[in-house]
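K.L.:
Attaching a predicted model along with its sequence, questions to come.
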Amino acid sequence: VVRELFEDLVDTLKKGHWIDHQTRLMSVTMQLRNNNGGVRFIARYMFEITQMGAVLPSYDMETLIDDDDNETSMRLWMLVALGLTMWFAMLEGVELLQSGPSTYFTNTWNVMDWANFGLFALVYLQLQNTLALNARDKEGYCPSKICKEFGFYDMWEVFDMARSAKFFMSICVCIQLLKIIKFTNVIVPKMSLMTRVISKGCYDLIFFGIIFGVSMFAFCMLFYIQLGSFMDDFYSQASSAVALAKALFGDFPFEEIIDNSRGYTNGMLFLVYLFVAVFILLSMFLAIPGEA
């Protein structure tokens, strides 16, 4: 019965020109739940069709905790973290009043503290919204026409909120753990070498970073225009930038470039990029901290 219904659905989609020569993207979405792990997730399989007829497959996964015990534990630790953050924010406020804004905010670690507090507030609000949206969806929230008439409800909103919360939480935790360096610099002065070198050469590194970014963007556009129609690594400006960044660390798609080129011109241009980026720019970057 299921097979017959599915074949009837596919025939209906074909009659409606679901996929034809003008189709540029097809997405297959499956909403699933792992009852054993208490995790709900969405699997999206995407097939991008270029004008040349090539199919570029990709996928995307989103997860969400959907278990009563884990949710209760999560709410408890959110309250504990909120209380601790408010306590440390109060201590930083006292230090700000004692030292004054000009002296206080010239210390990079103090700026990191307040950035951390702001990120935590954003994460806390997003986690609260995630829990509220998940509870709303499980109660049978069904506003759209396709949900009412066809029975399909895409829980994109709660998953999007959960992904955003996890992203900002990861940055928040990263900053919090990097602050360990602040205490090691005070307890063991020999361990402050990295921060002293960066502070000494920060202005040279900033201006060098601008030149480095301009150079990378120039070569990014070069290979995007030359190879974007033939290679997945350069089919957009963003993917081209990623491919060139990977090349800095030894991932060279040189043979693929030669295979997708009419001659050796693109290969020679890629060697020019490697010479400029690796031998010149990276050598200059290493020289700046060395001088500092």
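P.N.:
Cool, got the structure.
K.L.:
only C-alpha atoms for contact and neighbour calcs from this point on.
P.N.:
Noted.
K.L.:
SS state for the residue lying closest to Lys148 once chain neighbours are set aside?
P.N.:
With sequence-adjacent residues excluded and distances taken as Cα to Cα, 6 or more residues apart in numbering, Lys148 is closest to Cys142, at 6.5 Å. Remark: Cys142 carries the secondary structure label coil [criterion: DSSP: H, G, I helix; E, B strand; the rest coil].
K.L.:
cool, and Arg44?
P.N.:
On the three-state scheme (three-state DSSP), Arg44 is labelled strand.
K.L.:
give me the number of residues near it?
P.N.:
Here the neighbour count serves as a burial measure; for Arg44 (other Cα atoms under 10 Å) it reads 16.
K.L.:
how about it, what does it touch?
P.N.:
With contact taken as Cα atoms under 8 Å, 6 or more residues apart in numbering, Arg44 is in contact with Ser27, Val28, Thr29, Met30, Tyr59, Asp60, Met61.
K.L.:
Just the pLDDT for the fifth one.
P.N.:
Meaning Tyr59. The predicted structure scores Tyr59 at 93 on the pLDDT scale.
K.L.:
between the contacts of Arg44, which has the most around it?
P.N.:
Of all these, Thr29 has the most neighbours under the rule other Cα under 10 Å, reaching 15 neighbours.
K.L.:
surely that residue meets Tyr45?
P.N.:
Yes: here Thr29 lies in contact with Tyr45, judged by Cα atoms under 8 Å, at a distance of 6.5 Å.
K.L.:
What count of nearby residues applies to the residue nearest to Lys148?
P.N.:
The local packing of Cys142 (other Cα under 10 Å) involves 15 other residues.
K.L.:
and what of Val186?
P.N.:
Around Val186 sit 11 other residues, with neighbours defined as other Cα under 10 Å.
K.L.:
for Asn35, same thing?
P.N.:
For Asn35, the tally of surrounding residues (other Cα under 10 Å) stands at 10.
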